[in-house]
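1. Quick one, fold the following:
(chains A and B)
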Amino acid sequence: DVVLTQTPPTLSATIGQSVSISCRSSQSLLDSDGDTYLNWLLQRPGQSPQLLIYSVSNLESGVPNRFSGSGSETDFTLKISGVEAEDLGVYYCMQATHAPLTFGSGTKLEIK
Amino acid sequence: QVKLQQSGAELVKPGASVKLSCKTSGYTFSTSYMSWFKQIPGQSIEWIGMIYAGDGGTGYNQKFKGKATLTVDTSSSTAYMDLSSLTTEDSAVYFCARGIKYWGQGVMVTVSS
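-> Residues are numbered from 1 along each chain as shown, chains lettered A, B, ... in the order given. Alright, predicted model coming up:
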C-alpha cells in the first residue's frame, strides 16, 4: 500500500499567518492516464471530511482561494495563505492513484 | 442538493454483525459509486471499499475483505455495509461517501460486551 507521510503533525498559527503542510508518498502518484490523484481534505472537529483540493492543485468549488496545492510525483504541499479561525481542524492528504486508497496521518492546525 | 444520510449509532456485542445504511438523494444513485471509510476516533481514515450502484460491482481494501460486505438498493437509493464477526477493533466511526466530495455524517459503531 502507498504510505503518505505528512509533516508537521501539528501546526499552531495566528490569524493571518501563512502555513504549509507537506505530504510525501512512498510511490509516485502519477497515474498512467497522466493525472496525479493526490487530494487534500479538512476534517473540522466533530465533522465529516471536506474536500479542499483535488488532483494536486485544483480548488474544489466553494473552497476559499487562500488554499492552494502544489507538487508532483511523490512530494506535495498544501498552503494556506492567511489562516482564518474557521480553518482549524485536521488536514489529510489522500491518494487515489493506487489501490487501496490511502490517507496521510493528518496535520492538526490549531489557532493561537 | 446531494445528501447522504447515515443510520444511527450502534452498540453491538463482540461476535455479532451490524448493517449500516446510507440513504442518498439529490443525484442519480444508480450510475454512481459509493465508498465506505473507517475512522477510529483520534486516528486517520481508512478506505474500506466501494460499490458501483449500476451493477453492484465491488472493490475492497484487502484489509477489510471478509469483514465488510457492500450492497445497494437502487429502489430506495440506499447503500449498505455489513460488518461481521465484530471485535473491539471494529469500534470506529464509519462514513459513506460519493467520491470524496460528498460525505455522510458518519455513524459510531461501538463493540462492547
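
2. Tell me how far the residue minimising distance to the centre of chain A lies from B:Gly15.
-> Geometric centre of chain A, nearest residue: A:Trp40, 3.2 Å, by C-alpha atoms, centre = their mean. Per C-beta to C-beta, to the nearest Å, A:Trp40 is found 39 Å from B:Gly15. All C-beta spots, glycine's among them, are computed from the backbone N, C-alpha and C.

3. Please, which helix or strand holds the residue nearest to the centre of chain A?
-> In this assignment (DSSP states H and E), A:Trp40 forms part of strand A:38-43.

4. ok, whatever helix or strand comes next after that strand near chain B or not?
-> Moving toward the C-terminus from strand A:38-43, the next helix or strand (DSSP H and E) is strand A:50-54. Yes - applying C-beta under 8 Å from any C-beta of the partner chain, one finds that strand A:50-54 is in contact with chain B at A:Gln50, A:Leu51, A:Tyr54.

5. Pairing-wise in the sheet, spell out the partners of the second one.
-> Spelled out, that is A:Leu51. A:Leu41 (DSSP bridges).

6. per-residue confidence at it?
-> Per-residue confidence (pLDDT) for A:Leu51: 98.

7. my read: it touches B:Ile100, true?
-> Yes - using C-beta atoms under 8 Å, A:Leu51 is in contact with B:Ile100, at 5.4 Å.

8. And for the residue nearest to the centre of chain A, nearest residue in space, chain neighbours not counted?
-> In space, and not counting its chain neighbours, A:Trp40 is closest to A:Ile53: 4.1 Å by C-beta to C-beta, 6 or more residues apart in numbering or on different chains.

9. swap in B:Thr58?
-> B:Ile51 (4.8 Å).

10. Look at the one you found and tell me its secondary structure.
-> strand (DSSP: H, G, I helix; E, B strand; the rest coil).

11. so what's residue 112 up against?
-> Answering for chain A, as no chain was given. Contact analysis of A:Lys112 by C-beta atoms under 8 Å, 6 or more residues apart in numbering or on different chains lists A:Ser12, A:Ala13, A:Thr14.

12. I was thinking of chain B, sorry if that wasn't clear
-> Contacts of B:Ser112 (C-beta under 8 Å, 6+ apart): B:Leu11, B:Val12, B:Lys13, B:Pro14, B:Thr88, B:Ser91.

13. Many thanks, I have nothing further to ask.
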